[in-house]
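Engineer: Take this sequence and fold it.
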Amino acid sequence: MDRKFCILVLLMALYSCGRLEPKTIGVYVFIDVTNGAFDSKKSSENDIHQILDFADISPDNGGVNGVELRFFQINDLSEGNSQTIVLKKGIPGMLGKNPLDRTDEINAFINRIKENLEEIKKSNQEELPYSKIYQNLCRELGGLDFKHERNLIVIYSDMLENSDLFSFYKDRTKIKKWEEDIDIAMDFLEQEDCSFPKFNNVDMYIISERNKNTDEMINDAQNFWKAFFSKKGTVPHFDSELNLYK
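Structural biologist: Numbering: from 1, shown residues only. A predicted model of the protein is given here:
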């Protein structure tokens, strides 16, 4: 057998053994449009690049991981208003395509995200008087299988439920009791409505905008939802802007 051919086969075998296989990262973005606080421009400039970095992807340096990104509007969760944008996995190393082609694919993916965010912003200019956070999140998240090795949920919302189920505006005393024993809340909510799934391999971030009228209620909401989601397998990170931890 030709010596050069043997060396080439050996090098390819060694390369294949040491190569990290690309993954697909599942990203699920929920936008609460009831308070008019979602800023699509800020999200486009800051959050998209954080999500790409979470997936080890860069518009400048490429990367082989894929991303399946789905957008949901919390108060408009009909199938027609759920959008999915996919960046397919690349092929690593010498077998992969031209790096410039990969960065072109990533930049096209970013542009599609920006367009989608702008459409969401344009279609929801008016504030809504109610906010069915629990019901809508529960029903949509219950339909997801979180099949990817890493899954990221980003929720843009003050999380101030304001519905017949319960209200952070009207039921402050009851919610304080729920915070002390979250199992009581879970039993009640799951009997009255639906049950959230278990969150395995899921990171959750909740982005809330505060003002002087809602600051105290949002503190209550954070305490409640942190206790609630912790029981389901993930501890949500609350902040006024997205700060992802890899």
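Engineer: which residues does the nearest residue to Gly63 once chain neighbours are set aside contact?
Structural biologist: Take Gly63 and drop its neighbours on the chain: the residue closest to it by CB to CB, 6 or more residues apart in numbering is Ile57, 3.7 Å away. All C-beta atoms are positioned from the backbone trio N, CA, C, and that covers glycine. Contacts for Ile57 (CB atoms under 8 Å, 6 or more residues apart in numbering) come out as 63, 65, 67, 87, 106.
Engineer: If you rank every helix and strand of this structure by mean pLDDT, what lands last?
Structural biologist: helix 3-18 (a mean of 44; mean pLDDT, DSSP states H and E).
Engineer: Show the subsequent helix or strand relative to that one.
Structural biologist: Counting by DSSP states H and E, the element after helix 3-18 in chain order, helix or strand, is strand 24-31.
Engineer: just how off-centre is that following strand within its chain?
Structural biologist: Strand 24-31 has its C-alpha centroid displaced from the chain centroid by 4 Å (CA atoms, centre = their mean, to the nearest Å).
Engineer: contact partners of it?
Structural biologist: Identification of contacts with strand 24-31 by CB under 8 Å, 6+ apart yields 38, 51, 54-55, 65-74, 89, 120, 137, 140-141, 144, 146-157.
Engineer: Go again with 6 Å.
Structural biologist: Here strand 24-31 makes contact (CB atoms under 6 Å, 6 or more residues apart in numbering) with 38, 51, 55, 66-74, 120, 148, 150-156.
Engineer: least trustworthy position among the contacts of Ile57, going by pLDDT?
Structural biologist: Ranked by pLDDT, the contacts of Ile57 bottom out at Gly63, which has 90.
Engineer: measure the closest residue to Asp239 other than its chain neighbours to Leu152 for me?
Structural biologist: Leaving aside its sequence neighbours, Asp239 sits nearest to Ile207 (CB to CB, 6+ apart; 6.3 Å). According to CB to CB, to the nearest Å, Ile207 and Leu152 sit 13 Å apart.
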